[in-house]
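Chemist: Below is the sequence, then the predicted model.
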Amino acid sequence: ADKPLVLGFSQVGAESEWRTANSNSIKDAAKQAGITLKFADAQQKQENQVKAIRSFIAQKVDVIAFSPVVESGWDTVLREAKNAKIPVILTDRAVKVSDPSLYVTFIGSDFVEEGRKAGRWLVDWAKKNAPTGEVNIVELQGTVGSAPALDRKRGFEEIIQAEPRLKIVRSQSGDFTRAKGKEVMEAFLKAKDKKIHVLFAHNDDMAIGAIQAIEEAGLKPAKDIAIVSIDGVRGAFQAMAAGKLNVTVECNPMLGPQLMQLAKDVVAGKPVAKRITTEEGVFTADVAAKELPNRKY
Amino acid sequence: MNRKTPVTDALPLSALPTPKRRRVLAVMAEHPLLRPIAALAILLLIDVILLPGFWHLEVKDGHLYGPLIDILNRAAPLMLAALGMSLVIATRGIDVSIGAVVAIAATVAAMLVNGDRPLMVAYAGALGAALLCGVWNGVLVAGLKLQPIIATLILMVAGRGLAQLLSDGQILTVYRDDFFVLGGGYLLGLPVSLWVVAALSLATTALLRKTALGLFIQAVGLNPVASRLAGLRTATLIFGTYVFAAGCAGLAGLMIASNIKSADANNAGLLLELDAILAVTLGGASLAGGRYHLAGALIGALIIQTLTTTIYSLGVPPEVNMVVKAVVVFLLCILQSSELRPMLRRLAPRGGAR
Amino acid sequence: MTPLVLFQRWLRQPAFSAQVTVVLLLALIAAGGAHYTGFAAPQVMLNLVIDNAYLLVLAVGMSLVILSGGIDLSVGAVLALATTVAAWLLHHAHWPAWAVIALVLGGGAAFGVLQGALIHAFRLQPFIVTLAGMFLARGLCYLISVDSITIDDPTFVAVSQTQWQVPGGFISPSAAIAIAVLVVGIWLAHRSAFGRAVYALGGNEQSALMMGLPVGRTKLMVYGLSGFCAALAGLLFAFYMLSGYGLHAQGAELDAIAAVVIGGTMLSGGYGYVAGALSGVLVLGVIQTLIAFDGTLSSWWTKIVIGALLFVFCVVQRLLARPAGQA
Amino acid sequence: MSAPAPLLSLAGIDKGFPGVQALSGVGLRLFVGEIHALMGQNGAGKSTLIKVLTGLYPPDAGRIELGGAAIAPRSTADAQALGISTVYQEVNLVPNLSVAENLFIGRYPRRWGQIDWRRMRERSRQLLAELELDIDVEAPLARYSLSIQQMVAIARALNISARVLILDEPTSSLDEAAVQHLFRVMRRLREQGLALLFVTHFLDQVYAVSDRITVMRNGRTEGEYLARDLGRLELIQKMVGPHAASTAPLAACAQTTTPALTTHGLARRGALQPLDLEIREGEVLGLCGLLGSGRTEAARLLFGADSADAGDIEIAGRRQRFASPRQAIASGLAFCSEDRKLEGAVLALSVRENIVLALQARQGWWRAIPLKRQQAIAADYVQRLGIKTADIETPIGLLSGGNQQKALLARWLLTQPRLLILDEPTRGIDVRAKEEIMDEVRRLCAEGDDDDRRMAVLFISSELPEVLRCSDRVVVLRDRRAIGTYERGQLDERSVLEVIAADGPR
Ligand SMILES: Nc1ncnc2c1ncn2[C@@H]1O[C@H](COP(=O)(O)OP(=O)(O)OP(=O)(O)O)[C@@H](O)[C@H]1O
Ligand SMILES: Nc1ncnc2c1ncn2[C@@H]1O[C@H](COP(=O)(O)OP(=O)(O)OP(=O)(O)O)[C@@H](O)[C@H]1O
Ligand SMILES: [Mg+2]
Ligand SMILES: [Mg+2]
């Protein structure tokens, strides 16, 4: 009825398909919900996000939402938002702040948990497929220092520590990209010192790149080397359908609708939970074919 | 006003190649490629010592397979970029838009292929797009006389945006085998990419040697004012180098896309320009313009790629990568410095007391 | 002399292109103000300085380097290193703030001087040396901590939350510091023997040598200053973010260079003004703000628009400043 | 007047460069209160000696003493600290700084720790006034012609309080008046007890100021003489070996009446008033005038180096205006600039490449001249013009000043132009080479090419006698406009100066 509510959203950037899906979901949802969206792309730079948020404050938007590039370093700007009485919603990554009242709620996935899920799946797999002996794991990390890379690694290691025979023998950064993923995997495969049983990739793109490297090395991905990855983008499902990837842990980018709902509630002054997790599955090769059609990203 | 343009000076003499000597050895010692080659050799030596399987080459389904092949294969796009960059740099320019052009070319190619166009059309389209980028840069630098770094910065920023706009931010996966040949295929046991690079570098070298272009480019880079007064088409030459550089970048883009069987507009060729410039300088060229060494640039590219692969193979923890790279680059530079020998002599106990 | 002659004088004077930049900047702001409500608000303008304080400091250092005919690609990384070191010392080693600040600034300067020494002693190209410097600094960040470290030191927190009221809004201490640095930079460049030696170096190093100028010392100082500015920028950044992180300010070196060049300084060295750094930084800032205010642009359109605005700006600047430009 | 002990003495100086032994066992004595001329052919080693003396090159062997104490300066800065002030052969100033700064950089007048710009400007004006040069000291140096830059360089050196003042070919592109001012100052400094070392190729100047002469030949000291004991011919012989310098005007070559090039009101604001000039085939047209009279500007306009904003150029009936040197060259012009270092030589390229550059440019990039042919050409000109170089592949930057000049001349002669514009072609060229070059030029004018077209030459030189000797007609410029054309013989040096003076100010 009255003038539409204005939401300022600061996106990390456009570094991956996942991110694109995330942005699209938010934009569409905003249209649906009749919310005016102020969208700012930070090109992976925290300082740009801060600038964007401050300009949202200057523009006196009703709600500010953003997916932080990193956890720390938000106190000052969030305090400014608070002083301006603008509620702040975090999406898809948490922040570390001295005073939790600086943001209203955090909606989104939990990278550490994703890491754990990957770890758990692997432990079961090992029980079934390699009941005895060492299981050598190589890890393709995300961009050094980036939040998902750190957390997924943390979660994953936390679980596999339980199983001493699961060992990470090599770990190198593949910058979340196919090209790097492939390049690094090639190097891993050439280093003949240890046999590789499992590949754990911090995202699907790197996994897809690595799969190519494995094939070129004359091995069978998912058979000779088990492959675990995270995100659950379309490409991953196609790979699984083709039997080249064992499993991907979903990290749901479709936060749009929930976010818009939250924004409305917050402005309406309804109470909202401090932490809202999105339901995320673990998809294995056998369900892939069936799931593929209804993947939107 | 043209008196303002800075000139390269007669001195410092060490900046100038000294005249031919009678003695062959001396000539060799003076050869510009000597130092880059030495640097590469040293790196490879280290690999041999640290990495058991490094020299290991086997024949897998009809082609050579092994770390060395990987390095060559991986270095191919960088070599191309460096090839183009070295001419731009020779004319006192610089092109930071290489990476963006790579992304554009890759995306265009992938789109055309996925649109079931014949391969050649896809290639033509991609290279065409790349050359257009080059024309754009060329016009800004040679025509409008913008400073190269800022002129190409514009495309560096906007170009990637364009690529993402085309691909809608998605990674375009390609499913056509013929597309994979350029970056992943093999010919006579060696990667196709390598043949392409070799062919292009030879062609370029021939062009520069057999025609007067080589002389002209050097002259323009060393002293634009004098060159203009001597009747050279300085602007046209400079324009040409940017188009050429973009063309090389486009080809590199095709290679990268073909190699990972997909075009990733967000990340393809990210920061490739920096590596290209580094390769050119490691190859012994000066960013002040003038002398260029195509072979040197190629070797520079190989040095960089060898270093990267080494780091991966050694199992260096990722957070240390950068430091290692930095240290090696520092050492290589110092090794290449013409000041090193006199300095050591001075440090030596009974060195020439002057 | 006739007005015409005076006009030509004005066109020909080197300061001209710098002045054009300022005029264009104002035009840009005016356009924004006309388009988006609240754009021309005083606080928005102040935010330009607050948000870009660190960049301004970087650009001042970079100006000197570029004027001397060199370039420094390491500044962004040194900035990040400064934040990381500061954060680590405060958070894990619990050093007092003043000690941390002193150490960081000293370290930055030393880092710069070291690069300068390499460049001078071995006649290496600034580009590679500082590129390697960039790798090194970023690498050291990760060695200290891959994770981003929160800064909870009371002094830093206090500084970061101080807001000084000025007519029309507030500014942060960082902004004030940045302006101060700019002033000092201008003084150095135009009123100190060192500054003039820098210009001479950029004009023609060989001649500078033959005129008996201390070429070597000047080079060391230039890169030292640049390193110092980078470290200082790092501290401002730390105040701004209250965190130390190896991925901070990626590509800041390019922004700084762009700012300096847009400010009317020749990358080939010798021609330009340190003051140009300010206009350059503001141009970049305004472009960003414009986009944020528009708020309808997708990630890629953002990039394209930034490019387009840069293009329009540089071309107009170039065409207007043509008489001053060289053949 | 020679004092017993020399103030500065060099003994047994050796200096070798790859392929060249520039100096071998050179000695030199400089006494308090004398002006000492250092003479020698191009490439004799004068500049090298000076660079060694001022610490730019470390000598391979030898001893330098100042006031009895051995010294080994490692840089110009050291030398200055020791009281040795130098003007090097190539102008070494920074183009981007103002004239005033170029005079004072390194020794700024200070006020409260910061540079006192006002005082600097005032003192610069005084300084230049001594040389009767009245230019805007705040304008960037690059704005001014080479001659002005050279004056500034001299002024700078004079301003350094020194015991020894070294001037390497300071007068090479100065006009008579400027030279006289310079000499006045030099004499005054001599009275003040400085020791001056003065390199030049102009005999008159040597005899005008110097008390003592040291002659160098092929990197050795040929001998030291009192100026008054040494006759011109002797001096020349000592420098170049037996050879007579003819000062007689060269035979007028059959000059035609067909114009090679005609300008109609060619002009450019701030550079040249409308100029109507006719240059006939086979003639040498001299262009004389004082420094800053616009000779170079005129030449640049003719050649399309600067674009004219009025008038046009007529060649073979076609009237046009050149937008770029390229066009000018296409229609048969050639321009040998006065500024060798900036507008002529590509220092890092070899002598061969520098020589063929213009011809190759005209042929286009596609039709490359075969290497063999390039070498033949280069070798031929090196021999014909007597260019002293280790090898035709030597970077031209390593040649002595005069030899660079010759190589550049070769570049243009090679293109067989219709009109050859020579701006200060004999700058820094020794007595003998001058004649060789001018004879070469005259010869080219005299003999027509294949279709019997004769080359015309536009000859600019600050050295009046030279212009008068070589030109068939002279045009006198003043304040950037032509004030008269005179046939050969109508004018001698004095009358030219009178003409310039007489034609009262507008
Ligand atoms: N840096 C150098 N490297 C190699 N050869 C050099 C160098 N400098 C001078 N030479 C050679 O040393 C010789 C002496 O050069 P120098 O410049 O001293 O002659 P000059 O007497 O000054 O001649 P001019 O009267 O033409 O100036 C020349 O043959 C020159 O080619
Ligand atoms: N006495 C002077 N006062 C002011 N400007 C001068 C003077 N002499 C020369 N100039 C500057 O030098 C240029 C004119 O010199 P130009 O070279 O055209 O004259 P020229 O006749 O070639 O004399 P020269 O070649 O000896 O300098 C102009 O740019 C002018 O500004
Ligand atoms: Mg000399
Ligand atoms: Mg002149």
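Modeler: That came through, no problem. Ligands and ions are numbered 1, 2, ... in the order given.

Chemist: Report the residue spans of chain D with pLDDT below the cut-off.
Modeler: Where chain D drops to pLDDT under 70, the residues are D:1-4, D:241-255, D:448-452, D:502-506.

Chemist: Kindly state the domain boundaries assigned to it.
Modeler: Following automatic domain parsing, one finds the domains of chain D at D:8-240, D:254-332+D:417-506, D:341-416.

Chemist: Show me which of the ones you listed has the highest average neighbour count.
Modeler: domain D:341-416 (a mean of 21; mean count of other C-beta atoms under 10 Å in any protein chain shown). For every residue, glycine as well, the C-beta is placed using N, CA and C.

Chemist: at contact distance from ligand 4, anything in it?
Modeler: No - residues of domain D:341-416 are not located near ligand 4 by C-beta under 5 Å from the ion, the shortest gap being 11.0 Å.

Chemist: Thought residue A:208 was touching residue A:221, still the case?
Modeler: No - Residue A:221 is beyond contact range of residue A:208, at 9.9 Å (criterion: C-beta atoms under 8 Å).

Chemist: In terms of neighbours, single out the busier of those two.
Modeler: Ranked by neighbour count (other C-beta atoms under 10 Å in any protein chain shown), residue A:221 and residue A:208 place residue A:208 first, with 28 against 24.

Chemist: That one reaches residue A:237, doesn't it?
Modeler: No - with contact defined as C-beta under 8 Å, residue A:208 does not count as touching residue A:237 (11.1 Å).

Chemist: about what we covered before: so which of the domains of chain D comes closest to residue A:181?
Modeler: Of all the domains of chain D, it is domain D:341-416 that lies closest to residue A:181, at 44.7 Å by C-beta to C-beta.

Chemist: what's the span of the closest one, first residue to last?
Modeler: 23 Å (C-alpha to C-alpha, to the nearest Å).

Chemist: Okay, now the unreliable bits of chain B?
Modeler: Scanning chain B with the threshold set as pLDDT under 70 gives B:1-30, B:348-354.

Chemist: Point me to the helix or strand that includes the residue most central in space within it.
Modeler: In chain B, the centroid-proximal residue (C-alpha atoms, centre = their mean) is residue B:82; its distance is 0.9 Å. Element membership for residue B:82 (DSSP states H and E) is helix B:67-90.

Chemist: Please export the C-alpha coordinates of that helix as PDB.
Modeler: The C-alpha coordinates for helix B:67-90 follow below in PDB (Å, rounded to 0.1, in the frame of the first residue of the first chain):
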ATOM      1  CA  PRO B  67      55.600 -33.000 -15.800                       C
ATOM      2  CA  LEU B  68      57.700 -31.300 -18.500                       C
ATOM      3  CA  ILE B  69      54.900 -31.700 -21.000                       C
ATOM      4  CA  ASP B  70      52.500 -30.200 -18.400                       C
ATOM      5  CA  ILE B  71      54.800 -27.200 -18.000                       C
ATOM      6  CA  LEU B  72      55.000 -26.600 -21.700                       C
ATOM      7  CA  ASN B  73      51.200 -27.100 -22.100                       C
ATOM      8  CA  ARG B  74      50.400 -24.800 -19.200                       C
ATOM      9  CA  ALA B  75      52.900 -22.200 -20.300                       C
ATOM     10  CA  ALA B  76      51.500 -22.000 -23.800                       C
ATOM     11  CA  PRO B  77      48.800 -19.300 -23.100                       C
ATOM     12  CA  LEU B  78      51.300 -17.300 -21.100                       C
ATOM     13  CA  MET B  79      53.900 -17.500 -23.800                       C
ATOM     14  CA  LEU B  80      51.300 -16.100 -26.300                       C
ATOM     15  CA  ALA B  81      50.400 -13.300 -24.000                       C
ATOM     16  CA  ALA B  82      54.100 -12.500 -23.400                       C
ATOM     17  CA  LEU B  83      54.800 -12.600 -27.200                       C
ATOM     18  CA  GLY B  84      52.200  -9.800 -27.700                       C
ATOM     19  CA  MET B  85      53.200  -7.900 -24.600                       C
ATOM     20  CA  SER B  86      56.900  -7.800 -25.600                       C
ATOM     21  CA  LEU B  87      56.100  -5.800 -28.700                       C
ATOM     22  CA  VAL B  88      53.800  -3.400 -26.800                       C
ATOM     23  CA  ILE B  89      56.500  -2.900 -24.200                       C
ATOM     24  CA  ALA B  90      59.100  -2.400 -27.000                       C
END
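
Chemist: In terms of secondary structure, what does that helix contact?
Modeler: With contacts defined as 3 or more C-beta pairs under 8 Å, 6 or more residues apart in numbering or on different chains; DSSP states H and E, helix B:67-90 has these neighbours: helix A:178-190, helix B:98-114, strand B:190-191, helix B:192-210, helix B:213-222, helix B:234-259, helix B:272-282, helix B:294-314.

Chemist: near chain A, anything from the longest one?
Modeler: The one in question is helix B:234-259. Yes - Helix B:234-259 comes into contact with chain A (C-beta under 8 Å from any C-beta of the partner chain), by way of B:256, B:259.

Chemist: and for the helix or strand following that helix, what are the contacting residues?
Modeler: Tracing the chain C-terminally past helix B:234-259 and defining elements by DSSP H and E, one meets strand B:262-264 next. The contact list for strand B:262-264 (C-beta atoms under 8 Å, 6 or more residues apart in numbering or on different chains) reads A:177-179, A:205, A:208, B:103, B:106-107, B:109-111, B:167, B:171-174, B:257.

Chemist: Fine, thanks again, bye for now.
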